[in-house]
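Q: could you work out the structure for the sequence below:
(one chain, ligands or ions: 1)
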Amino acid sequence: MLIDIGVNLSSHRFEDDRSAVLQNALDAGVEKLILTGTSLFESKVTIDICNFFSDDFPNMLHATVGIHPHNAEQFNITTSEKLSDLAGDEAVVAIGETGLDFYRNLATPKAQQVSFEGHIELAKNTGLPLFLHERDAAKRQIEILRDYRDHFSKAVIHCFTGDRATLHNYLDMDLYIGITGWICDSRRGSDLQALVADIPLNRLMIETDAPYLLPQNMIFKPKNKRNEPSFLPWVAKQIATQRHESVCEIINITSKNAKVFFGI
Ligand SMILES: [Zn+2]
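A: Residues are numbered from 1 along each chain as shown. Predicted structure coming up:
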């Protein structure tokens, strides 16, 4: 069994064929998906998707609720209370995605930090793990996580693309690391390829971040370039190659980690 810990299934790019995408995932052995909430609205839609498909695809879909750093200016007392309500739904297994993204700075750094700290508070109050995003903001992200480390139990840095020092800072705080198809890109993924063996097996999880980040090691790529959860084995394959381990081992251990992490 494989578990995809990051899927943006609420994306409009899936609106015509969600059911087929889920069946493709099952056919590829991807039996559980964690759907990512990226705004108050998307978090609600994501929970609705989980509930809508719960008869046809039992125990397959789970959700995170949160506001992506790009949308951080949405975060305030009202949205925080609404997220807290949504977190009570039984489909919800984590708070996020949240964190800092100084690469695009679509929200001001200040707004991102306020939202990030608010999400940590939500994790504290709900007891749920944190699903974290970080791009070009490692220094500040690490400072905030250190300050609040005793406020949350578990956290995963999803779609990790940082450098070695950053990775070890996260690991020193006992965080989990999510690896996407970024690692399958021989050009921009080369740093990550060299680093992935540093991650202890018991801290490693895998994800597609679909519909984004189509794995570049796929032999037959879809014409529409859309990534989907059924392509997750390609991420496992690339990690196995870099670590000189078997694909089976990567699949088994990452699934086991995801089950424990999300309590699914
Ligand atoms: Zn992200």
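
Q: the longest strand along the chain pairs with which strands?
A: For the chain, the strand with the greatest residue count under DSSP state E is strand 92-101. Strands that pair with strand 92-101, judged by DSSP bridges, come out as strand 61-65 (parallel), strand 130-135 (parallel).

Q: for the helix or strand following the last one, which residues meet the burial criterion?
A: Where DSSP states H and E defines the elements, the next helix or strand beyond strand 130-135 is helix 138-147. Taking 16 or more other CB atoms under 10 Å as the neighbour-count basis, helix 138-147 is seen to contain the buried residues 138, 140-142, 144-145. C-beta: built from backbone N, CA, C; applies to glycine.

Q: same thing with stretch 195-204?
A: 195-196, 199, 203-204.

Q: and what of stretch 118-133?
A: 118-124, 126, 128-133.

Q: what segments of this protein are helices?
A: 18-27, 40-52, 77-86, 109-126, 138-147, 164-172, 190-195, 232-243, 247-262 (DSSP state H).

Q: may I see the ones you listed organised as JSON lines, with distance to residue 67 and mean pLDDT added?
A: Below are the helices of the chain laid out as JSON lines (distance: least, CB to CB, whole Å; pLDDT from 0 to 100):
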{"stretch": "helix 18-27", "distance to residue 67": "23", "mean pLDDT": "98"}
{"stretch": "helix 40-52", "distance to residue 67": "6", "mean pLDDT": "98"}
{"stretch": "helix 77-86", "distance to residue 67": "7", "mean pLDDT": "98"}
{"stretch": "helix 109-126", "distance to residue 67": "6", "mean pLDDT": "98"}
{"stretch": "helix 138-147", "distance to residue 67": "16", "mean pLDDT": "98"}
{"stretch": "helix 164-172", "distance to residue 67": "21", "mean pLDDT": "98"}
{"stretch": "helix 190-195", "distance to residue 67": "26", "mean pLDDT": "97"}
{"stretch": "helix 232-243", "distance to residue 67": "26", "mean pLDDT": "98"}
{"stretch": "helix 247-262", "distance to residue 67": "19", "mean pLDDT": "98"}
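
Q: redo these as TSV? Include distance to residue 63.
A: Shown next, in TSV, are those (distance: least, CB to CB, whole Å):
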stretch	distance to residue 63
helix 18-27	14
helix 40-52	5
helix 77-86	9
helix 109-126	13
helix 138-147	23
helix 164-172	24
helix 190-195	27
helix 232-243	18
helix 247-262	10
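
Q: tell me which of these sits most buried.
A: The highest average neighbour count among the helices of the chain, using mean count of other CB atoms under 10 Å, belongs to helix 232-243 at a mean of 22.

Q: same for that helix, what does it pack against?
A: The contact analysis (3 or more CB pairs under 8 Å, 6 or more residues apart in numbering; DSSP states H and E) places helix 232-243 against strand 2-7, helix 190-195, strand 204-206, helix 247-262.

Q: so which of the ones you listed comes closest to residue 93?
A: helix 247-262 (4.2 Å; CB to CB).
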